[in-house]
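need a structure here:
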Amino acid sequence: MNWIEKELEFLADASLERSLRTSSPVSEAPGYTVREERRLLNLSSNDYLGLSGHPAIIEAMREKLLTEGAGSGASRLVTGNRPSYDRLEEALAYWQNYEAALVFANGYMANSGVIAALVGRGDVVFSDQWNHASIVDGIILSRAEHARYRHKDMAHLQAFLHKYRDKRRKLIVTDAVFSMDGDQAPLRELVALKREYGAMLMVDEAHSGGIYGKHGEGLCHELAIQNDVDIHMGTFSKSFGVYGAYICGSRTLIRWLVNKARPLIYSTALPPSVVAGVSEALVLVQGEHWRREKLFALSMLFRSLLGASGFTIDEWDSPIMPLIIGDNDMALRFSRALEDEGIAAAAIRPPTVPVGTARIRFSLSAAHTEKELRDAAARIRNIGLRLGIVQP
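Down below sits the predicted model:
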């Protein structure tokens, strides 16, 4: 297997090799992580609402462990579908104002399984160029034609829709908030095109669920277009602070997925303790609106601080803020310098992002404080000056 060593050498030379690093949460200090016995301000987490260490979630999971054990023991279609699944899916459908919901083990399984269940040979999927890898892989698994339109370019999408207007099934799929840039999809325009060309519309709310909407329902609800979204996908691993994912839609859609979504059919069900934690998190997401308000306020502050320091930062309102470096090696140097200054912020490089757009991806949490972010911004500015990323 010498070819693997050669390929790894190539990755290392291009500053593209990845490695696993051990991090531990700090229970008494939300918003921090520990690496090699050093406490770091965690600016790389997707724990947007700061719920991952919430005592009520932990207690709900502990109680379920004591009453139902550690594992589910089987897939959902065998004996793994505990009563807590039914209650959670009813609550999710009610929250999202859909007829039914279906819980998956994680977002990757949900996206790849749903797309492959809905389309196949003879069909076409229209996918934004910056959609998550799980969407891309779902399209590949489906064997449908992949019409990949330029990022948020509705004219390009419309040209594809016209070209493939006679296909058997047409599916438009998009992230609501794009994970590496933090910008929003043009959802209203997508709804209009879906109607015009008779396509299905699937929206991935992984990075917008819990954040937008009156009760955290997501960006589709914020824009009042949820009734035009055929397949609504969300996760429990980000704003919910737990693990797993869900699909909301019509009862017919959910019946179909139970029969055709292979990651659901052939995977062991989530442990009952995880389902209990998610159920408690759903209550908190809906009820504690102050977490969203704080997150938006911190995001506005941090953007303005970075912008005032000379960095080019887009003016979105999401907690995701990419600092585009460009060069892979420089992005790694910047990330290491941040860690030396007590900040954990990952360097994101191709193929996760396009070639030439390596970046530091900052992501904030309601667990952070204004003082922490002001201090961090000052350190980030000093590193930028030292590395020549910004000018004095």
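
mind checking the SS state of residue 10?
Reducing the assignment at residue 10 to three states with DSSP: H, G, I helix; E, B strand; the rest coil gives helix.

show me the shaky parts of the stretch 151-300 of the chain.
Low-confidence segments of the stretch 151-300 of the chain, defined by pLDDT under 70, are absent; every residue clears the threshold.

got the residue ranges for the strands in it?
When secondary structure is read from DSSP state E, counting those that start in this stretch, the stretch 151-300 of the chain shows strands at 170-175, 200-204, 231-235, 245-249.

the ones you listed into a markdown table, with extra columns for mean neighbour count and distance to residue 324?
Where you see a C-beta, it was placed from the backbone N, CA and C, and this is true even at glycine. Shown next, in a markdown table, are these (neighbours: other C-beta atoms under 10 Å; distance: least, C-beta to C-beta, whole Å):
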| stretch | mean neighbour count | distance to residue 324 |
| --- | --- | --- |
| strand 170-175 | 25 | 19 |
| strand 200-204 | 25 | 23 |
| strand 231-235 | 27 | 26 |
| strand 245-249 | 26 | 29 |
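
can I get those strands in TSV including distance to residue 147?
Putting these into TSV (distance: least, C-beta to C-beta, whole Å) gives the following:
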stretch	distance to residue 147
strand 170-175	9
strand 200-204	14
strand 231-235	17
strand 245-249	22
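
wait, which of the ones you listed is closest to residue 219?
Comparing the strands of the stretch 151-300 of the chain against residue 219 with C-beta to C-beta, the closest turns out to be strand 200-204 (7.9 Å).

that older thread, for residue 315, find the nearest of the strands of the stretch 151-300 of the chain.
With C-beta to C-beta, the closest approach to residue 315 among the strands of the stretch 151-300 of the chain belongs to strand 170-175: 18.8 Å.

and the closest one, how far from the chain's centre?
Using C-alpha atoms, centre = their mean, to the nearest Å, the distance from the centre of strand 170-175 to the centre of the chain it belongs to is 16 Å.

same check on stretch 103-112?
The mean C-alpha position of stretch 103-112 is separated from the chain mean by 12 Å, C-alpha atoms, centre = their mean.

again with stretch 278-285
For stretch 278-285, the separation from the chain centroid amounts to 18 Å (computed by C-alpha atoms, centre = their mean).

over to stretch 1-10?
31 Å.

all set now, cheers.
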